[in-house]
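*Asks:* give me coordinates for this.
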Amino acid sequence: MKVLLLGSGGREHAIAWSLSRSPLLTKLWAAPGSDAMAALAERVDLEALDPDAVARFARENGVELVFIGPEAPLAAGVGDAARAAGVPVFGPSKAAARLETSKAFAKDFMARHAIPTARSLCCEGTAAAKDAARALGGKCAVKADGLAAGKGVIVCRAFPEAEAAVDLLCATTAGKTLIVEELLDGPELTVMVLTDGRACAVLPPSRDHKRLHDGDQGPNTGGMGALAPAPVPAGTWKRIMDEILAPTMAGLTDDGLDYRGALYAGIMLTQAGPKLLEYNARFGDPETQAVLPLLDADLLTLARDCAMGELIAGVIPAKPGACVAITLASPGYPDSTKAGTPLDLSGAEGLTGVLIFHAGTQRGAKGWIATGGRVLTVVGRGTDLADARARAYAAVAALQVPGLHYRRDIAAKALGRTVA
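*Replies:* Below you'll find the model as predicted:
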């Protein structure tokens, strides 16, 4: 199969790695791709946010599947244009992607289909949002309605924090409308599924670490690490399937939303049961880097089946063991980032059970350099979570990446530890 992959981050590097292992693959293009992805795919000079350009390239080059990695092309309607040109697409329609691109739309969808979630108010303007935060005693999550690269949510424990969050997010393009939501307590869980709009196939559950610093301190980020599979009690898993995933799938059908791709459910495991925090209309980052190496199935076959409406429902087979993914970010992330840091990755080459996916790098005349933001995801694969974590941190220690920031407690809580 000839495949066009859209995107350039660590998630897309992991997707390219997984697709390249498929016996079905005959050609892989990446737009824009990255220098690291060039070892797996041919980079093409193509504007990934231009629906007509993507559809034209796919049609002229005999592309048999367009695989959309990030959310921005979905919001731009790239998938719709490619499908209209007769090209199968892994990625939902622009209308269905509103589950991610508009938090107000998503909350309305949850309410309409009786999916358990936090109480919230949709607010226009700072005064209404501050009133909503005050009604919740200041303990709330303030969320920008639109896309904000994973940084449009601010968790507040007191009203002054909520006031500041409202002012900050309202000043952004994504925050013209705000969602002010009651604060839920409990461990978070990521459940990603593949769907053709009819059937759904469940990937191993994972857990993201969103805060910048150890101990879940500091600002929210796009994600500082992940583990998979995340431990989930059997009774809780059944409730997730029955109360969240099943009504979500039924809701897509009832609302006439064309959804063929990956659907991400961010869930809080509260004392009252699982509650849905958010949807993403694509694979999560960095969860994807921790989940795909565990699959005992062909990602390209699954993606093709989603695009063609031929997916078989069930649980996607996984290999024994676990993965831990650690994000390394540039100094100043997420507020401002520094580019140009030289990266010597040779120390981790050849380490057993280690994968390195590039998110923000460039190959220079003297080797790899950081281009800012989240730079690398270092993944350890092991016989269990403790083994995977040890391999991941040993690999990080073997790198020479001066100044890059990473958390030292990824997967520690799941193992009943603090850091070590």
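*Asks:* what ranges do the strands span in the stretch 51-200 of the chain?
*Replies:* Using DSSP state E, counting those that start in this stretch, the strands of the stretch 51-200 of the chain run over 65-68, 89-90, 120-124, 140-144, 153-156, 177-182, 188-195, 200-202.
*Asks:* can you put the ones you listed in a markdown table and add distance to Y393 and mean neighbour count?
*Replies:* No exception for glycine: its C-beta is placed from N, CA and C like everyone else's. Converted to a markdown table, the strands of the stretch 51-200 of the chain look like this (distance: least, C-beta to C-beta, whole Å; neighbours: other C-beta atoms under 10 Å):
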| stretch | distance to Y393 | mean neighbour count |
| --- | --- | --- |
| strand 65-68 | 31 | 28 |
| strand 89-90 | 33 | 30 |
| strand 120-124 | 38 | 19 |
| strand 140-144 | 30 | 27 |
| strand 153-156 | 27 | 20 |
| strand 177-182 | 34 | 24 |
| strand 188-195 | 21 | 22 |
| strand 200-202 | 29 | 19 |
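*Asks:* let me have these in CSV, extended by mean pLDDT and distance to L404.
*Replies:* CSV is the format used below for the strands of the stretch 51-200 of the chain (pLDDT from 0 to 100; distance: least, C-beta to C-beta, whole Å):
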stretch, mean pLDDT, distance to L404
strand 65-68, 98, 29
strand 89-90, 98, 32
strand 120-124, 94, 36
strand 140-144, 94, 27
strand 153-156, 91, 24
strand 177-182, 95, 33
strand 188-195, 97, 24
strand 200-202, 97, 34
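*Asks:* backbone phi and psi for P219, please?
*Replies:* Dihedral pair for P219: phi -70, psi 160, per degrees, to the nearest 10.
*Asks:* please report the distance of L311 from N220.
*Replies:* 32 Å (C-beta to C-beta, to the nearest Å).
*Asks:* number of nearby residues for the nearest residue to A133 once chain neighbours are set aside?
*Replies:* What sits nearest to A133 in space, not counting adjacent residues and going by C-beta to C-beta, 6 or more residues apart in numbering, is A162, at 3.7 Å. The number of residues packed around A162, counting by other C-beta atoms under 10 Å, is 27.
*Asks:* show the pLDDT at A162.
*Replies:* Confidence per residue is given as pLDDT, and for A162 that number is 96.
*Asks:* from now on call the first residue 40
*Replies:* Noted, 40 is the first residue going forward, which turns the last one into A201.
*Asks:* for stretch 289-307, buried residues please.
*Replies:* Neighbour counts over stretch 289-307 (16 or more other C-beta atoms under 10 Å) mark 290-291, 296-307 as buried.
*Asks:* repeat that for stretch 96-103.
*Replies:* F96, A97, V102, E103.
*Asks:* can you redo those residues as a markdown table with distance to G411?
*Replies:* Shown next, in a markdown table, are the buried residues of stretch 96-103 (distance: C-beta to C-beta, whole Å):
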| residue | distance to G411 |
| --- | --- |
| F96 | 28 |
| A97 | 30 |
| V102 | 31 |
| E103 | 34 |
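*Asks:* using TSV, lay out those together with distance to I395 and pLDDT.
*Replies:* Output for the buried residues of stretch 96-103, formatted as TSV (distance: C-beta to C-beta, whole Å; pLDDT from 0 to 100):
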residue	distance to I395	pLDDT
F96	29	98
A97	30	98
V102	28	98
E103	29	98
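*Asks:* can you pick out the most distant pair from the residues you listed?
*Replies:* For the buried residues of stretch 96-103, the maximum inter-member distance is 13.0 Å, found between F96 and E103 (C-beta to C-beta).
*Asks:* residue contacts, the nearest residue to A378 once chain neighbours are set aside?
*Replies:* Leaving aside its chain neighbours, A378 sits nearest to G411 (4.3 Å; criterion: C-beta to C-beta, 6+ apart). Contacts for G411 were tallied using C-beta atoms under 8 Å, 6 or more residues apart in numbering; they are S369, Y372, T376, K377, A378, G399.
*Asks:* strands of the stretch 240-389 of the chain, residue ranges please.
*Replies:* So, for the stretch 240-389 of the chain - with DSSP E, counting those that start in this stretch - the strands run 246-247, 250-252, 256-259, 264-267, 300-309, 312-319, 353-354, 361-368, 381-382.
*Asks:* weakest of those by average pLDDT?
*Replies:* Across the strands of the stretch 240-389 of the chain, strand 256-259 gives the lowest mean pLDDT, at a mean of 90.
*Asks:* give the pairing partners of that strand; include direction for each.
*Replies:* When pairing is defined by DSSP bridges, strand 256-259 lines up against strand 250-252 (antiparallel).
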